[in-house]
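1. Have a look; sequence and predicted model below, questions after that.
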Amino acid sequence: MQVPIRWFREVYPDLDTDNATLLGVAFAKQAQLTSFGPLSLPLVSSSSVSEIFELLGYLPVISTALRPHFHHNERGLTVGLSGHTGDPSLDCFVIAYAGSALLRLLDMLAGTLPTVTLKLGWPAPRSQPRPESAFGARLIFDSPASFVDVPGDILDTPCRFADPVAYRLAINELRRTLDRRSTANSVTESVRRLLEQDPERHLGREVAELLSLSPSTLKRRLKDEGTTFRDVRQSLLRERAILRLLDRSMSVSQIAADLGYGDLTNFSHAFKRWTGQSPSEFRSVGGLERDE
């Protein structure tokens, strides 16, 4: 992730989804524990698989091309992966790379974990070599969304080089770095982070106050970055809805209420607007149906 993502489009002008997937998996096979800049020390120092996944929350320190989304459920942890490069093929590349690299790092730090799977929301490449050969049955295509599935009993698996003191010191430094970058970076990212911290924040004026901006200034600066407060919030709701629909223990009605929709019909209309599918259609594509 240390190479500018746009470099791949310049070097591979004809990059498509198939080639992006193959490249992402190939690069991931070369990933080392020292490949991730300021995330490397806490990565090596992690005491458990759970702590490795905690580090994904600090991914913006080294790259904003990929955004993880977390959902804990009765089965374990689902980590949604969404690309934010502005280029669909590059999005496939960063998702395939990050997800596959995560499987490799887990192998190195905690031993092979066959029940941790990477599911990608597009078809397998038609060309050879088949990327599945690198990670066996842990790499699955044609999923309704892209995510890493982690069974609950895996989260406490110990890591080989645990150093709790070094991990916490590194986490504290990452938190400070992320805070500094959030202040200096785009208003869109700052708004998104505040909404992630407290989903109940649904008013632009409340977020503007937290950013020490007037509502009109916030609106103007978001417009300068090509978005609106509503768009940022809707994007976050979409990502949360997808993760919850992947959780078969939750009904669509529960998900709608969890996301602040008082009416199931309104949620269904919103989800279809975001994805082109109703919630039930989304679940049926992935074999995730349950009685509502």
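-> That came through fine. Numbering: from 1, shown residues only.

2. tell me the pLDDT at the spatially most central residue of the chain?
-> Closest to where the C-alpha atoms of the chain average out (C-alpha atoms, centre = their mean) is residue 68, at 1.9 Å. On pLDDT, residue 68 comes in at 94.

3. That one falls within a helix, correct?
-> No. Using DSSP: H, G, I helix; E, B strand; the rest coil, the assignment for residue 68 is strand, not a helix.

4. Distance check, it against residue 220.
-> For residue 68, the distance to residue 220 (C-beta to C-beta, to the nearest Å) stands at 30 Å. Quick note: C-beta positions are derived from backbone N, CA and C, even for glycine.

5. where do the helices sit along this structure?
-> 6-11, 17-28, 40-45, 49-54, 88-110, 132-135, 164-184, 187-197, 204-210, 215-224, 229-246, 252-258, 264-275, 279-285 (DSSP state H).

6. Point out where the chain drops to low pLDDT.
-> 1-3, 128-134, 182-185, 285-292 (pLDDT under 70).

7. how near is the spatially closest residue to residue 242 that is not a sequence neighbour to residue 273?
-> Leaving out its chain neighbours, the residue that sits closest to residue 242 by C-beta to C-beta, 6 or more residues apart in numbering is residue 145, at 4.9 Å. Note on residue 145: its distance to residue 273, by C-beta to C-beta, is 17 Å.

8. between these two, who's got more neighbours?
-> Each of residue 145 and residue 273 has its neighbours counted (other C-beta atoms under 10 Å); residue 145 has more, 21 against 10.

9. from memory that one sits against residue 80, does it?
-> Yes. Residue 145 is within contact range of residue 80, at 6.4 Å (criterion: C-beta atoms under 8 Å).

10. Give me the common contacts of these two.
-> 242-243, 246 (C-beta atoms under 8 Å, 6 or more residues apart in numbering).

11. could you flag which of those residues are buried?
-> 242-243, 246 (16 or more other C-beta atoms under 10 Å).

12. which ones are touching the closest residue to residue 88 other than its chain neighbours?
-> Leaving aside its sequence neighbours, residue 88 sits nearest to residue 17 (C-beta to C-beta, 6+ apart; 7.3 Å). Applying C-beta under 8 Å, 6+ apart, we find residue 17 in contact with 88-89, 92, 122, 125.

13. Now distance to residue 111 and neighbour count too, for the residues you listed, in CSV please.
-> Output for those, formatted as CSV (distance: C-beta to C-beta, whole Å; neighbours: other C-beta atoms under 10 Å):
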residue, distance to residue 111, neighbour count
88, 35, 13
89, 34, 20
92, 29, 26
122, 29, 18
125, 28, 21
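
14. quick check, nearest of those to residue 26?
-> Distance to residue 26, by C-beta to C-beta, is smallest for residue 125 among the contacts of residue 17, at 11.3 Å.

15. any idea how far that closest one is from residue 16?
-> Applying C-beta to C-beta to residue 125 and residue 16 gives a distance of 9 Å.

16. got a list of contacts for stretch 71-82?
-> Counting by C-beta under 8 Å, 6+ apart, 50, 53, 56, 66-70, 91, 95, 98-99, 145-155, 239-240, 242-244, 246-247, 249-250 sit against stretch 71-82.

17. Leaving out the residues flanking it, which one is nearest to residue 58?
-> residue 174 (4.3 Å).

18. do the same with residue 49
-> residue 157 is the one closest to residue 49 (C-beta to C-beta, 6+ apart), at 4.6 Å.

19. What of residue 124?
-> residue 141 (4.0 Å).

20. Next up, the contacts around that neighbour.
-> Contacts for residue 141 (C-beta under 8 Å, 6+ apart) come out as 119-120, 122-124, 132.

21. sorry, back to before: got phi/psi on the residue nearest to residue 242?
-> phi -160, psi 170 (degrees, to the nearest 10).
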